[in-house]
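Asks: Test case, fold it:
(2 chains)
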Amino acid sequence: MTRIGVVTFPGTLDDRDALRAVRLAGADGVALWHADADLRGVDAVILPGGFSYGDYLRCGAIARFSPIMDAVGRFAQQGRPVMGICNGFQILTEAHLLPGALIRNSGLKFICAEVALYLEDSVCQWLTPQEVTSHSRTAAENNHQVRHHHARQLEATKRVVRLPINHNEGNYICDVPTLAKLQAQGQIVLRYCAPDGSCLADGSAPNGALDNIAGICNRQGNVFGLMPHPERVCDGISGNTDGASFFNTIAQTLRSIEQ
Amino acid sequence: MTSHPASQSPTLPLAAGALPKPVATHLETLEPKQAREMAHVLGLTPAEFENVLLVQGRYPSLTELYIYSLMWSEHCSYKHSKKQLRRFKSDGPRVLQGPGENAGVVSVGDGWAVAFKMESHNHPSAIEPFEGAATGVGGIIRDIFTMGARPIASLNSLRFGSLEEPRQRYLFDGAVAGIGSYGNCLGVPTVGGEVFFENAYGGNCLINAMAVGLMRESELIRAVGSGPGNHVVLLGSSTGRDGIGGASVLASQEFDEAAENKRPAVQVGDPFEEKLLIEVCLELLKRGRFVALGDLGAAGLTSSAAEMACRGGVGIDLDVGQVPQRESNMQPFEIMVSESQERMLAVVKPKDWQSVQATCQRWQIACTIIGSITDSGRFVVRDSRLPTHANIVADMPAAMLAESAPEYDPPRQRPAWLDELQGFDLDGLLRAPPRLPAELRWVSGETGLGFSVALDDAGLDDDAGLNDASSNNNFEAATKSRLDRDREAGAAINPGSELDLRAEKATNAGSELDLLTQAKALLASPNICSRAWIWRQYDHQVLNNTVVLPGADAAVMRIGDTGRGAMSQRGIALSTDCNGRYCYLDPYRGAQLALAEATRNLACVGAEPIAITDCLNFGNPEKPEVFYTFEQAVRGLADACSHWNIPVVSGNVSFYNESFGNAIYPTPIVGALGVLSDVALALSAGFKNAGDVVILIGTTLNELGGSEYLQLFYGRVVGQPPALDSDLEQAVQGVTRAAIAQGLLASAHDCSEGGIFVALAESCILGGLGASITLDGSLSAISSLFSESASRIVTSCSLANSQRFVALLKEWGVPYRIVGQTGNSGGDTENGSRVRSDSTPAELLSIGACDKAAHIPAGAPRTRHVHNVPSDTQGGAEDTTHAHSASFDMQGGGEHAHNTSWRLTWSLAELSHLYNSGLEQALKTA
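Replies: This is a model prediction of the structure:
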């Protein structure tokens, strides 16, 4: 069975929710502990949301030094799937597995709300069904095929999803060359958008994020970070299941690799 | 046993001779004069000090005096309230743990139990709102996991003065940020609550926090120390000087000019530490490693250790020298009374100590053995930093500390002003023109925030609120097709079409403030408008169990998955409520109305109330008039709880909520817990589908006493609060729950502050659908719209379900009225629908009254529950013009004069805007 690990740091809050979402996607959820250097043979890793170490220093700045992050770094370099949600995204940027940084919301207030997001054409493996892939063959090599397939897939489904955001520091920022690269290389995975999917003016994202960015991935598409919480809207508890595809797609891909 | 005549002397349950023998051979006591002076400074009365002498058989040491002053403080001992609190019914088949523990616990079925409690943190928050509110949340959550339950939800009830004052805005903003900051970081969702702004709270805000936890029934643990030889272990943060004297200084005295100097008595929270403590404690509890567990709250180590020893009937021997300290040179008494946050006290068997240490290490939580359980019956404090032969600094009989604190029965006197308030001539007051408060001027059309449309067949004059009639051509074209569609959909019921509609003018004679604007201002007022500004700052979804999000009548949580897998089909619902104005005007009825509304909120989501917690906020109990209101409120709540068979399983009393001699309104806040047998059936308040039938359950009387309307436009809190008929209330809630359980309803919403208008507007706004409503014409338009009569619920259901629902209402014998239908795109009128909207649908809320239903014979008997359903009606939804009206209470007798037909129409887009931006606007107004 496909095994997806969920890391618990001191102060992680959404580990149970992420494990539940993994189980709902038909995979085996494996609890991983920050102080272990071992990923216990999982096929993918999720860094869930929360306030690791209380976020008393810069968000994620201490957690990135946890022993398990060395293992996660190696795992990511092998091209294997890593997703950071909210605080997990912040940890991934602190660990330099993703570019840029998350700074304080432009409104200077914590925001908990369900927002509309646009699924961009991206190289993100977590949202792109992979027909042919293996650990040795990275997404970059499959890039063309992936994007073509992705576009087809998205047309068939919906490109606007509604996910909860829940953060005080979700305002994505990076330098101009990095932004240009993210845009050019299909690394922008999610953008905040109007309810009907239309673009927001730059700077009008709920948290003020640059280019309305809510989620990005690395060049290879295997490391994915996002501020919204798909794990909270998987089972329709409050009438929304838009988060399920964030776990289903990767679980399917990993299953097809197994077979 | 000594008995004391009336009030001012404490009673001693044990003769001093029967006390266990002292342990100390050498102990440094205070000089008599010094001791008396110190006792006075610490707030002990001369009589209480005499009892200290009696119990100790000598003059006390400094540490002992501190400990007595804390344990016998109002905050810890409930000495003024204990006797009254015995009125509460606290037992029942579901009750697993009643009052007296850290939290009450009730069974919710399927082997699940819920621990919950509400507590005040008023005084610290009035000094430092962010940390005060934050540590209030932290404290109440510790009370929950202490019982073995995983905290799954938190709620809060807040009271501030008017937001016009900068200090109130600072307090409000700070308290909300503090609650958010702590709860968000802790990973416990803040799922509901309420806030009220009223001048009476200007000098003393109220911050009441409620926490709810879930566990298996078998996991319940109590803070009862036992087993001499067992270790007493302190877990969590180190101890500093923060919060010293919080309970005795802050919570047991009134505020005055010196309040600012008391800032050091406010603690600072560390939610990260508390998150780790939750995980450590729940893990160790599950593995049976704790004999007992208690949290260190008010009065710190003193109260926690003393209560543990008292409950277990054992002695305890503590060494303050072992307590990890974050400041240097701390005196023993400082360590004993410090209120440093995020600390827990556990009793651990020596054989389990290693295992406890290992788990704590894994979570990076400090744990230290600071003493042991003894069989001496003495509460002994030593300081190993002192020479061994003289290191005992306190040696007291443990049983005398917690369970034998003094108990008072203070004098009470009915305040003379109650008669004056209740007998106030409301009719006379209402003859004066209403005034729009300065802070709500933005609501009137002058600011260009949209406009009102009043529609009627007679054509409405401009002065009725048509403020902007320009540039609507494009809009009309864009909405034409929609209007056509909705006209078809709405053809089944069109209550407005047959009526002779006229604008309500009589009430507005000579007034510039027309009813349309009054309603808009009411909807935008800080006490009514949307609370989204608040709950957007709270994580309300973490743990992924929140079924009904904030903004509804009650929060609904699913239960079952606390990391174990399968979910239960059951759910729980939570609501907090209290209208302090009602309690001010009539404390007995006001407290009952608080319970009625809290449980009615539960009924609106489909939940049955099974238990409540309370937080009783009052002024100085030593003032007879204040104590009268306290006693009345407790009696009212206790009587209602007994009548409805709802146990009170936990609670908190907060006295001395006064500043400069002015008491707050009596504010007994009720936190209600309900159970849903199928959480999937949980209902929300917003209208769902256009064309649904709107049915108002209950009857509307001319009850504007203590209403938001009176306060907003006349600046007065006067009159009688709404009447409450317990049986009617129970039937209204019962029939609503039954209808929800049968899947008949599409929405249900409690009708309370702001009256029918606000309830309808909220259901429209939440559902994004307008409505076309026709009320009974027997009351004045103002009463019809804004009266706050109790026991009313606005429901909607599909046409197909309406007959079954009406049959159910008749079966229950509950008064009701079919008032209209949902969805209103201005289809009532052929022309003149000039509405502009950007993104929301061009829906309208139209409310009118019809005099055809006003067939009340003069001098009809005073009754609320004659279900005067005309025999010729079939109960069908098409039958709206034959209103299913109940007889009305005809007090005053002059209501006939108001039998008018009128109709008012608002654009839903504008109402949404007003409702959603009310708080932000209020905070902006400088």
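
Asks: show me where pLDDT drops low in the chain?
Replies: As the question left the chain open, I've gone with chain A. A:131-158 (pLDDT under 70).

Asks: try chain B instead
Replies: Residues of chain B that meet the cut-off, pLDDT under 70, sit at B:1-17, B:245-265, B:403, B:445-512, B:561-566, B:826-841, B:851-900, B:925-926.

Asks: what about the residue most central in space within chain B, distance to chain A?
Replies: Here the mean C-alpha position of chain B is nearest to the C-alpha of residue B:576 (C-alpha atoms, centre = their mean), at a distance of 3.2 Å. Going from residue B:576 to chain A by C-beta to the nearest C-beta, to the nearest Å gives 19 Å. The C-beta positions use only the backbone N, C-alpha and C, and glycine is treated the same way.

Asks: Wait, a strand at that residue?
Replies: Yes. Checked against DSSP: H, G, I helix; E, B strand; the rest coil, residue B:576 lies within a strand.

Asks: Could I get the contacting residues of it?
Replies: B:118, B:155-157, B:192-194, B:208, B:210, B:598, B:669-672 (C-beta atoms under 8 Å, 6 or more residues apart in numbering or on different chains).

Asks: The stretch 251-400 of chain B against chain A: which residues are in contact?
Replies: B:270-273, B:275-276, B:362-364 (C-beta under 8 Å from any C-beta of the partner chain).

Asks: and which of those is nearest chain A?
Replies: Distance to chain A, by C-beta to the nearest C-beta, is smallest for residue B:272 among these, at 2.9 Å.

Asks: tell me which element the closest one falls in.
Replies: Using DSSP states H and E, residue B:272 maps to helix B:271-286.

Asks: how about that helix: buried residues?
Replies: B:271-282, B:284-285 (16 or more other C-beta atoms under 10 Å in any protein chain shown).

Asks: where exactly do the strands run in chain A?
Replies: A:3-8, A:28-33, A:44-47, A:82-85, A:101-103, A:111-119, A:160-167, A:171-173, A:188-192, A:213-217, A:223-226 (DSSP state E).

Asks: Flag every buried residue along stretch A:177-194.
Replies: Buried residues in stretch A:177-194 (16+ other C-beta under 10 Å): A:179, A:182, A:185-193.

Asks: which phi and psi does residue B:690 have?
Replies: phi -60, psi 140 (degrees, to the nearest 10).

Asks: ok, it to residue B:799 distance?
Replies: The gap separating residue B:690 from residue B:799 is 11 Å, by C-beta to C-beta, to the nearest Å.

Asks: More neighbours: which of the two?
Replies: residue B:690 (20 against 16; other C-beta atoms under 10 Å in any protein chain shown).

Asks: before we move on, back to that, among the contacts of residue B:576, which are located in strands?
Replies: Checked against DSSP E, the contacts of residue B:576 include these in strands: B:118, B:155-157, B:192-194, B:208, B:210, B:669-672.

Asks: Buried ones only from those, please, as a ChimeraX command.
Replies: Buried members of the ones in strands among the contacts of residue B:576 can be picked out in ChimeraX with the line below, counting by 16+ other C-beta under 10 Å:
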select /B:118,155,156,157,192,193,194,208,210,669,670,671,672
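
Asks: and the ones in strands among the contacts of residue B:576, which two are the farthest apart?
Replies: B:156 and B:672 (14.5 Å; C-beta to C-beta).

Asks: helices or strands up against the helix or strand hosting residue B:381?
Replies: According to DSSP H and E, residue B:381 maps onto strand B:378-382. Other elements packing on strand B:378-382 under the criterion 3 or more C-beta pairs under 8 Å, 6 or more residues apart in numbering or on different chains; DSSP states H and E are helix B:62-71, helix B:300-312, strand B:315-319, strand B:392-397.

Asks: Turn those into CSV, including distance to residue B:718 and mean neighbour count.
Replies: Below are those laid out as CSV (distance: least, C-beta to C-beta, whole Å; neighbours: other C-beta atoms under 10 Å in any protein chain shown):
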stretch, distance to residue B:718, mean neighbour count
helix B:62-71, 41, 26
helix B:300-312, 42, 26
strand B:315-319, 54, 24
strand B:392-397, 51, 25
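
Asks: on that earlier part again, tell me which of the buried residues of stretch A:177-194 is nearest to chain B?
Replies: Among the buried residues of stretch A:177-194, and counting by C-beta to the nearest C-beta, the member closest to chain B is residue A:193, at 13.7 Å.

Asks: Quick check: that closest one touching residue A:204?
Replies: No. The pair residue A:193 / residue A:204 is not scored as a contact, 10.3 Å apart, by C-beta atoms under 8 Å.

Asks: intersection of neighbour lists for the two?
Replies: Common neighbours of residue A:193 and residue A:204 (C-beta under 8 Å, 6+ apart) are residue A:212.

Asks: I'd like to know how far the residue nearest in space to the middle of chain A sits from chain B.
Replies: In chain A, the centroid-proximal residue (C-alpha atoms, centre = their mean) is residue A:225; its distance is 3.3 Å. Residue A:225 sits 19 Å away from chain B, taking C-beta to the nearest C-beta as the criterion.

Asks: ok, now which ones touch that residue?
Replies: Residue A:225 neighbours (C-beta under 8 Å, 6+ apart): A:83-85, A:88-89, A:92-93, A:98, A:215-217.
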